[in-house]
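Chemist: fold the following, please.
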Amino acid sequence: MNQIKKYLTVTSHQKVLSFLLNHPSRSYMEKEIAKAAKVSKSAVNEALKELAKDKLILQEKRGRMSFYSVDLNDPLIRRLKSTENVSLLMPLVEQLKKISQKIILFGSFAEGTDIEDSDIDLFVLSNQPESAQRIIQKSSLSEKIQPVIKKQVEFIGLDKKKPLFYQEIEKGIILWEAK
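Modeler: Just a heads-up that it's a prediction; the model follows:
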C-alpha cells in the first residue's frame, strides 16, 4: 500500500467508500463489501448506513436485500474517486519524476469517471522516453496504463498539430512538474 493511500483508508467508513469508488460498475451486498474491504460485518453495516444517510453512496432495496453503489454523476464522488486514482499513481510518479519534466493524468481516470476496466491515460514529458517507458512497464499498473511519452521538442507545437489531444492533456491533473 502506498504512503498516501494508508491515510485515506484508515476507518471502516473510508475502507467501504474506497471499495465502492474502485468498483463503481455494479452494486454490492453488505456481505460482499465486508469481505472485499476486509472490514467486519458490523462495521460495514454501520458505515453503509451512515454513508447512505449522508448521500455519499446509493442504497437500492431489492426485496429484503440492500445493494450499495456510488453515483459517478455526483461531482463529489468523482472528486473522491479522482483523489483515490491519484494516490494509486504516486509511487510510479516518484520513479518517473527523476527523468521527467512533467507528468499529467488525463481522461476518465483524472475525471473520476473510470470503471474497473478503464485504462489510465498518462502524459509524460521526458527527454528519456525509453527510460520512462521501462519504468512504466515495471509498474504494477503497466497493464492499465496508456502512456503518451513526448520529448520537449515533440511537445512544442502539439497544440497546433493535435489541438483536441492537447486540450485533453491541458484539462488533466498535473501530478508532477519540474521547477
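Chemist: give me the element Val124 is part of.
Modeler: With secondary structure defined by DSSP states H and E, Val124 is part of strand 120-125.
Chemist: who touches that strand?
Modeler: Residues external to strand 120-125 that are found in contact with it (Cβ atoms under 8 Å, 6 or more residues apart in numbering): 85, 89, 96, 100-110, 114, 132, 136, 141, 144-152, 155, 169, 172. C-beta here means a position set from N, CA and C on the backbone, and glycine is covered the same way.
Chemist: show me what Tyr68 bridges to in the sheet.
Modeler: Tyr28, Gln59 (DSSP bridges).
Chemist: contacting residues for it?
Modeler: Contacts of Tyr68 were listed using Cβ under 8 Å, 6+ apart, and they are 20, 27-30, 33, 48, 51-52, 57-60.
Chemist: show the pLDDT at the nearest residue to Asp121 once chain neighbours are set aside.
Modeler: Across the structure, with Cβ to Cβ, 6 or more residues apart in numbering as the measure, the residue nearest Asp121 apart from its sequence neighbours is Gly107 (3.5 Å). In this prediction, Gly107 carries a pLDDT score of 97.
Chemist: could you do Asn2 as well?
Modeler: On the pLDDT scale, Asn2 gets 58.
Chemist: one step back: the residue nearest to Asp121 contacts Lys171, correct?
Modeler: No - here Gly107 lies out of contact with Lys171, judged by Cβ atoms under 8 Å, at a distance of 9.2 Å.
Chemist: these two - which one has more neighbours?
Modeler: Just comparing Gly107 and Lys171: by other Cβ atoms under 10 Å the higher neighbour count belongs to Gly107, 19 against 12.
Chemist: report all helices and strands that whichever helix or strand Lys160 is part of contacts.
Modeler: Counting by DSSP H and E, the element that carries Lys160 is helix 158-161. Contacts defined by 3 or more Cβ pairs under 8 Å, 6 or more residues apart in numbering; DSSP states H and E place helix 158-161 against helix 163-170.
Chemist: can I get the following helix or strand past the helix it packs on in PDB, CA atoms only?
Modeler: Remark: after helix 163-170, the chain's next helix or strand is strand 173-177, criterion DSSP H and E. Presented in PDB, the C-alpha positions along strand 173-177 are these (Å, rounded to 0.1, in the frame of the first residue of the first chain):
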ATOM      1  CA  ILE A 173      -4.200  16.800 -13.400                       C
ATOM      2  CA  ILE A 174      -0.500  17.700 -13.100                       C
ATOM      3  CA  LEU A 175       1.000  15.000 -10.900                       C
ATOM      4  CA  TRP A 176       4.500  16.500 -11.100                       C
ATOM      5  CA  GLU A 177       6.300  19.300 -12.800                       C
END
